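Visitor: Provided below are the primary sequence and the corresponding predicted coordinates.
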Amino acid sequence: MSQTTAPPSPSEEAARVSASCPGLSAKATTAFGLLQEKWTLFIVSALLHGPVGFNEMSRNAGGINSTTLAQRLVLLEQAGLVRKTVQSTMPPRTSYDLTEAGRALSPIIADIAAWGERYLEDHTAECDER
């Protein structure tokens with residue numbers, strides 16, 4: 001009889017990865033893991049301009065499909081980077097905006113963009129996941 005085990009919690013996974021990444025704390029490892037999720041930085045970048053609804057964000061975040069966008073928004077909300085506000089239930093309308101922790105990523109995103117401009121060749125990025 002085979003026994004299935006639950007996947008490790010984010011803190012357990014961070015501790016495991018941190019142990020294999022000398023010089024990185026568990027919190028740094030968790031941050032790297034969160035920010036490396038596909039589309040995460042596009043979403044944060046789109047929200048730096050202010051609160052937006054789901055559909056508008058989908059258009060502004062590089063063509064992310066709606067299922068992935070919904071999953072990333074839940075992840076970012078759980079991590080404390082995004083706040084969801086329900087504006088009406090009929091029809092359903094929600095908006096998303098960055099928390100203080102999310103807005104603190106602004107200089108990091110700007111630095112990544114500047115690094116790309118300086119060191120990467122000029123190629124057209126493929127943002128559309130559909």
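Guide: All right, it came through fine.
Visitor: For the residue nearest the centre of the chain, list the residues it contacts.
Guide: Taking C-alpha atoms, centre = their mean, the centroid of the chain lies closest to Thr40, which sits 2.4 Å from it. For Thr40, the contacting residues are Leu34, Arg72, Leu75, Leu76, by C-beta atoms under 8 Å, 6 or more residues apart in numbering. Heads up, the C-betas are built off the backbone N, CA and C, glycines and all.
Visitor: hmm, which two among the residues you listed are most spread apart?
Guide: Leu34 and Arg72 (10.1 Å; C-beta to C-beta).
Visitor: Quick check on these two: which one has the bigger neighbour count.
Guide: Comparing Leu34 with Arg72 by other C-beta atoms under 10 Å, the one with more neighbours is Arg72, at 20 against 16.
Visitor: In a helix, Arg83, correct?
Guide: No: per DSSP: H, G, I helix; E, B strand; the rest coil, Arg83 lies outside any helix segment and is strand.
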